[in-house]
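Peer 1: just coords:
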C-alpha cells in the first residue's frame, strides 16, 4: 500500500491520459491524486467513495448476483449439506460476495450449514489453505473463496482433500480442473476496456458505472465440466429470475 501514491505520481508524470486503480484499497491514494491533479482522468475498480470527484470514474459490480449463482450451485451439489466461505477482507464491497453466496445456498437448501472465515489478507495462501482444511474436516464439501491470492490456498486444499472449491473473479478451473466446481466471474476486463475506449473517444463518464448480470459484468464461469445437467438447468433458471427481478 505504501507504493500506491508514488506509483500514481509516476504515472501522472509520464503523461498518461487515464490512470486506473484496481481495488478498494487504492481509494485513499486515488482521492489524493485526483484532488492534486484535477485535470487528470482517473478510474477505480470496486470503490464508489470517490464518486464526488469530477475527474474520477468508479467502476462497480453487482458481485452479489454472481455469488448468488455459485451459492445455488453449492446448495445443489453439496452432499453433506455443509459448505464454506473464505473472505479475503471485511469491507462493504467484499461482504457482497458473502451475502450473495449465503443467500444462494440457503434459498436452494434452507437446511444447509455455512462455515465462514475472514482471512483479513488477500495474499496469504497458507491461511486460506488452513481455513479450508478446517472447514473440510468439519464437514464441508464445497468452499467458495472471495480472497484473491489467499483463495489459491483454498483451491489447493480442495485438490489435496478430494473436495470442491468455487473460484472468484475469473474462471479458475484451470488451476485445479478436478477440484474447481465453478467460479463467480467479475468482468473487470470489460470495465477497464470500456473506460479505456471512452477515454480514447474523448467522452469519459465520471461518477459511478455499475456492471451487473444484465450487462454481462458478472456471471458464472463458462467451464461446467463438473456440473450436472440438472444443476446447469437450475442455474439458468435462477439467472432468469435475477434478470426478471423475481430474485
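Peer 2: Here it is on my side, so go on. Please read these numbers as outputs of a predicted model, since none were measured by experiment.
Peer 1: run through the strands of the chain in chain order.
Peer 2: Under the criterion DSSP state E, the chain contains strands at 18-22, 41-45, 56-61, 82-87, 113-118, 142-146, 164-169, 180-186, 207-211, 218-220.
Peer 1: for the first one, give the mean pLDDT please.
Peer 2: What strand 18-22 shows for mean pLDDT is 97.
Peer 1: ok and that strand relative to strand 41-45, angle-wise?
Peer 2: Strand 18-22 and strand 41-45 meet at an angle of 20 degrees, taking axes from the mean of the first three to the mean of the last three Cα atoms, to 10 degrees as the criterion.
Peer 1: ditto for the fourth one
Peer 2: With the same axes, to 10 degrees as the criterion, the two stretches strand 82-87 and strand 41-45 enclose an angle of 150 degrees.
Peer 1: hang on, the earlier thing: and the strands of the chain, which is most packed in?
Peer 2: The highest mean neighbour count among those, using mean count of other Cβ atoms under 10 Å, belongs to strand 142-146: a mean of 30. For the C-beta atoms, the positions are set from N, CA and C on the backbone; glycine is no exception.
Peer 1: run me through the strand neighbours of that strand, direction for each.
Peer 2: Sheet pairing for strand 142-146, assigned by DSSP bridges, gives strand 82-87 (parallel), strand 164-169 (parallel).
Peer 1: so which of those strands gets nearest residue 133?
Peer 2: Evaluated over those, closeness to residue 133 peaks at strand 82-87, with 10.5 Å, by Cβ to Cβ.
Peer 1: what is the orientation angle of that closest one with strand 113-118?
Peer 2: Orientation check (the same axes, to 10 degrees): strand 82-87 against strand 113-118 gives 20 degrees.
Peer 1: quick one: mean pLDDT for strand 82-87?
Peer 2: Averaging the model's pLDDT scores along strand 82-87 yields 98.
Peer 1: please apply the same query to stretch 188-205.
Peer 2: Mean pLDDT, computed over stretch 188-205, is 96.
Peer 1: pull out the buried residues from that stretch.
Peer 2: 188, 190-192, 194-195, 198-199, 204 (16 or more other Cβ atoms under 10 Å).
Peer 1: distance to residue 65 added to those residues, as CSV?
Peer 2: Supplementary listing: these in CSV, determined by distance: Cβ to Cβ, whole Å:
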residue, distance to residue 65
188, 15
190, 15
191, 15
192, 20
194, 18
195, 21
198, 24
199, 27
204, 26
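Peer 1: determine which two of those are furthest apart.
Peer 2: For these, with distances taken as Cβ to Cβ, the pair at the greatest spread is 188 and 204 (17.5 Å).
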